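**Student:** I'd like to go over a predicted model; first the sequence, then the structure.
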Amino acid sequence: GEDVEQSLFLSVREGDSSVINCTYTDSSSTYLYWYKQEPGAGLQLLTYIFSNMDMKQDQRLTVLLNKKDKHLSLRIADTQTGDSAIYFCAEITGSQGNLIFGKGTKLSVKP
Amino acid sequence: DAGVIQSPRHEVTEMGQEVTLRCKPISGHDYLFWYRQTMMRGLELLIYFNNNVPIDDSGMPEDRFSAKMPNASFSTLKIQPSEPRDSAVYFCASSNRGLSSNQPQHFGDGTRLSIL
């Protein structure tokens, strides 16, 4: 069935780059998403990439998509303490049209 | 512009009690989703509505769970009777073009439910 996998934790130092990785299973996904969840809050859409793209850049965020390997990554340049949150990768499945989320990667940024 | 509004923010109740969670989607959005988030299972889609009609409730765990959307600006998720394993954060989200698009789902801040 459809599944989205992420590592659960990532710890970086302030100013370093963070790379959060995700693998998905549905090759027919049209869009892939990154959401951010801060403590006590809901999920906020950070960025998305259409499946016919392999890279998208938005200020400090870079999304890379390797469709052959079904691998998605989110790079945050110059990571700040305010970037500490849980980051969710999500895909839209072709079969059901549902949004499937990974379990989230908790990013901790140390000063 | 108000986002998705959920109430209550926190609910603590004893097992066996009825629990009702409420959601007001963003005005003009025609899709509404209910999710449950736990450490063990992550974020799970429970049910979603399109134009107030339930489309897919296959994620609803059991008959103790029910959801309604009587009009375009209000939805409820009810658990009766509640059990300790229902403890989780429940999110409501809405969007205006459904799932297969680049329109994001907008999430509320969630209801943190604790069943004792």
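**Tutor:** That came in fine, so what should we check first? All values derive from a computational prediction rather than experimental measurement.

**Student:** can you check the pLDDT for B:Met69?
**Tutor:** pLDDT recorded at B:Met69 is 98.

**Student:** and it, which helix or strand is it part of?
**Tutor:** strand B:65-71 (DSSP states H and E).

**Student:** again, but for A:Val63
**Tutor:** strand A:61-66.

**Student:** so in that sheet, which strands flank that strand, and in what orientation?
**Tutor:** Sheet pairing of strand A:61-66 (DSSP bridges) gives strand A:55-58 (antiparallel), strand A:71-76 (antiparallel).

**Student:** the least confident helix or strand in chain A by mean pLDDT packs against which elements?
**Tutor:** Lowest on mean pLDDT, DSSP states H and E among the helices and strands of chain A sits strand A:99-101, with a mean of 84. Counting contacts by 3 or more C-beta pairs under 8 Å, 6 or more residues apart in numbering or on different chains; DSSP states H and E, strand A:99-101 packs against strand A:85-92, strand B:42-50. Heads up, the C-betas are built off the backbone N, CA and C, glycines and all.

**Student:** which outside residues touch that strand?
**Tutor:** Residues outside strand A:99-101 that contact it (C-beta atoms under 8 Å, 6 or more residues apart in numbering or on different chains): A:2-4, A:24, A:26, A:33, A:35, A:88-93, B:33, B:42-43, B:45, B:99, B:105.

**Student:** are any of those residues buried, and which?
**Tutor:** Buried by 16 or more other C-beta atoms under 10 Å in any protein chain shown: A:4, A:24, A:26, A:33, A:35, A:88-93, B:33, B:42-43, B:45, B:99, B:105, out of the contacts of strand A:99-101.

**Student:** got the confidence number for the spatially closest residue to B:Cys23 that is not a sequence neighbour?
**Tutor:** Nearest in space to B:Cys23, with sequence neighbours left out and distances taken as C-beta to C-beta, 6 or more residues apart in numbering or on different chains, is B:Cys92 at 3.5 Å. Looking at B:Cys92, its pLDDT is 96.

**Student:** which element is B:Cys92 on?
**Tutor:** Per DSSP H and E: strand B:88-95 holds B:Cys92.

**Student:** quick one: strands adjacent to whichever helix or strand comes after that strand?
**Tutor:** The C-terminal neighbour of strand B:88-95 among helices and strands, as given by DSSP H and E, is strand B:106-107. Using DSSP bridges, the strands paired with strand B:106-107 are strand B:88-95 (antiparallel).

**Student:** near chain B, which residues of chain A?
**Tutor:** A:30-31, A:33, A:35, A:40-45, A:48, A:50, A:88, A:92, A:96-99, A:101-104 (C-beta under 8 Å from any C-beta of the partner chain).

**Student:** what lines up beside the strand holding B:Met69 in the sheet?
**Tutor:** Going by DSSP bridges, the partners of strand B:65-71 are strand B:74-79 (antiparallel).

**Student:** give me the angle between the partner strand and strand B:42-50.
**Tutor:** 130 degrees (axes from the mean of the first three to the mean of the last three C-alpha atoms, to 10 degrees).

**Student:** buried stuff in stretch B:7-26?
**Tutor:** B:11, B:19, B:21-26.

**Student:** scratch that, stretch B:68-82
**Tutor:** For stretch B:68-82, a neighbour-count test (16+ other C-beta under 10 Å) marks B:69, B:72-73, B:75, B:77, B:79, B:82 as buried.
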